[in-house]
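A.B. asks: all I have is the shape, not the residue letters:
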């Protein structure tokens, strides 16, 4: 019989075990309530659980590494809460999963384990690799100052993403059909929450490399997250719907798509 301690023998294996157990449990719940979109809130929560698990199994950690994991836990917990509250307000399965359910028909219940939950679990584990690898090496930080820079970048990204989501939530509470959110962070970029998200993960990677230079190869992780939130499940997908709203083309013409504009355009 395989010794279960092998599954928690290092942060990468422990993270995989935690993510697998979490997402399998969430899949079971999704079958009971017939709503696969609950996976969205556990996207953030999963990263937090992986980071917490890695902290528990790691030894001889530097202050920078501990702060790095703590930031991921904070980011994941905040995103989980934000998406949980949105899920409660909407009260129905997200249209993306409704389409998948209609396409797969009676087979969706078991196919969703692989096409939705396992797939996102693998992505989660791959993107978590910078901090899992850094925590695995342990020891004092190689470049403490660079580590602080990375943590500062991540903290700024988290703050920007949080404020943008707060502005969006307040806007949706009183918005009328056809209204556009064009002030606050949304006057600088059309997707400040996604940009803040991307910035957070680039900062985490910088902090991880500063802690343990050997993990520089994990640069694929923030690049993958950047690609996902711009091309796959974020900006591109959202704008295919928003372009139909009156005034959105004018908003596009005066507002950067992703990277915030520092100085406003002169009329």
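C.D. replies: Arrived safely, thanks for sending. A quick note: this is a predicted structure, and the numbers were derived from the prediction, not measured.

A.B. asks: which parts of the lengthiest helix in the chain are buried?
C.D. replies: For the chain, the helix that runs over the most residues, judged by DSSP state H, is helix 144-174. Of all the residues in helix 144-174, those buried under the rule 16 or more other C-beta atoms under 10 Å are 146-148, 150-151, 153-155, 157-158, 160-162, 164-165, 167-168, 171. For the C-beta atoms, the positions are set from N, CA and C on the backbone; glycine is no exception.

A.B. asks: what is it packed up against?
C.D. replies: The helices and strands touching helix 144-174, judged by 3 or more C-beta pairs under 8 Å, 6 or more residues apart in numbering; DSSP states H and E, are helix 63-90, helix 192-211.

A.B. asks: so how far is that helix off the chain centroid?
C.D. replies: Offset of helix 144-174 from its chain centre (C-alpha atoms, centre = their mean, to the nearest Å): 12 Å.

A.B. asks: quick revisit: among the helices and strands packed on helix 144-174, which gets the worst mean confidence?
C.D. replies: Ranked by mean pLDDT, the helices and strands packed on helix 144-174 end with helix 63-90 at the bottom, a mean of 93.

A.B. asks: ok, residue 121 - contacts?
C.D. replies: The neighbours of residue 121, taking C-beta atoms under 8 Å, 6 or more residues apart in numbering as the test, are 19, 20, 23, 46.

A.B. asks: how close does it sit to residue 158?
C.D. replies: In this structure, residue 121 and residue 158 are 23 Å apart, going by C-beta to C-beta, to the nearest Å.

A.B. asks: could you list every helix and strand in contact with the helix or strand harbouring residue 111?
C.D. replies: Secondary-structure element containing residue 111, defined by DSSP states H and E: helix 108-112. For helix 108-112, the elements it packs on are helix 11-33, helix 95-104, judged by 3+ C-beta pairs under 8 Å, 6+ apart.

A.B. asks: what's next to it, contact-wise?
C.D. replies: By C-beta under 8 Å, 6+ apart, the surrounding residues in contact with helix 108-112 are 27, 30, 31, 36, 100, 101, 104.

A.B. asks: tell me which residues of the next helix or strand after it come out buried.
C.D. replies: Under the assignment DSSP H and E, the closest C-terminal helix or strand after helix 108-112 is helix 119-127. Of the residues in helix 119-127, those with enough neighbours to count as buried (16+ other C-beta under 10 Å) are 120, 121, 123, 124, 125, 127.

A.B. asks: what do you get for stretch 81-89?
C.D. replies: 82, 83, 84, 86, 87.

A.B. asks: ditto for stretch 105-116
C.D. replies: Of the residues in stretch 105-116, those buried under the neighbour-count criterion (16+ other C-beta under 10 Å) are 108, 112, 113, 116.
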